[in-house]
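Novice: Below are the sequence and a predicted model; questions follow.
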Amino acid sequence: MIEIKFLTRFIDITGEKNIKSENVPDINALIEFLCKKYDESFKEVLFDKNGNLRDYLKVMLNGEDIRDIKGVKTSLKDGDQIVMFQTIASG
């Protein structure tokens with residue numbers, strides 16, 4: 001079982017703070033699952049017009065940014081925790 005936690009803007013889109021999912025082998029499969037579950041608004045927030053994960057969004061796997069691992073090709077296993085949030089910049 002994979003636990004997915006939503007923070008900031010993702011709570012507004014999903015209406016949930018966390019969910020669980022099974023049978024997702026990697027981040028890409030997880031994102032496909034989430035886009036189907038939460039429709040186009042989720043996909044539009046997550047990806048830019050070129051289909052890349054937006055720079056200001058973080059997808060963390062067990063406390064590590066997936067960009068520092070293998071990006072959307074990062075493998076998942078039972079017990080993993082994903083946290084998705086939008087970074088906030090101030091000046």
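Specialist: Ah, there it is.
Novice: ok, residues contacting stretch 65-78?
Specialist: Defining contact as C-beta atoms under 8 Å, 6 or more residues apart in numbering, one finds that stretch 65-78 is touched by 1-2, 24-31, 53, 58-61, 82. (Each C-beta comes from the backbone N, C-alpha and C, glycine too.)
Novice: Highest neighbour count among these?
Specialist: residue 82 (24 neighbours; other C-beta atoms under 10 Å).
Novice: Could you give the bridge partners of the residue nearest to it when sequence neighbours are not counted?
Specialist: Using C-beta to C-beta, 6 or more residues apart in numbering and skipping the chain neighbours, the partner closest in space to residue 82 is residue 4 (4.6 Å). Partner residues in beta bridges with residue 4, using DSSP bridges, are residue 19, residue 82.
Novice: contacting residues for residue 61?
Specialist: 27, 69, 74, 76, 80-82.
Novice: Nearest to residue 12, out of the contacts of stretch 65-78: which one, please.
Specialist: residue 58 (16.1 Å; C-beta to C-beta).
Novice: And what about the closest one, helix, strand or coil?
Specialist: Here residue 58 is strand, with the state taken from DSSP: H, G, I helix; E, B strand; the rest coil.
Novice: Just the pLDDT for it.
Specialist: What the model reports for residue 58 is a pLDDT of 92.
Novice: any idea how far it is from residue 78?
Specialist: The gap separating residue 58 from residue 78 is 23 Å, by C-beta to C-beta, to the nearest Å.
Novice: Taking the contacts of stretch 65-78, tell me the two that lie furthest apart.
Specialist: So, the contacts of stretch 65-78 by C-beta to C-beta: farthest apart are 1 and 53, at 23.8 Å.
Novice: which among the contacts of residue 61 end up buried?
Specialist: Using 16 or more other C-beta atoms under 10 Å as the burial test, the contacts of residue 61 include 27, 74, 76, 80, 82 as buried.
Novice: coming back round to it: which of the contacts of residue 61 fall within helices?
Specialist: Among the contacts of residue 61, the members found in helices (DSSP state H) are residue 27.
Novice: Could you export the contacts of residue 61 as JSON lines, including distance to residue 44 and pLDDT?
Specialist: As requested, the contacts of residue 61 are arranged in JSON lines below (distance: C-beta to C-beta, whole Å; pLDDT from 0 to 100):
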{"residue": "27", "distance to residue 44": "18", "pLDDT": "93"}
{"residue": "69", "distance to residue 44": "25", "pLDDT": "91"}
{"residue": "74", "distance to residue 44": "22", "pLDDT": "94"}
{"residue": "76", "distance to residue 44": "24", "pLDDT": "97"}
{"residue": "80", "distance to residue 44": "26", "pLDDT": "97"}
{"residue": "81", "distance to residue 44": "25", "pLDDT": "98"}
{"residue": "82", "distance to residue 44": "19", "pLDDT": "97"}
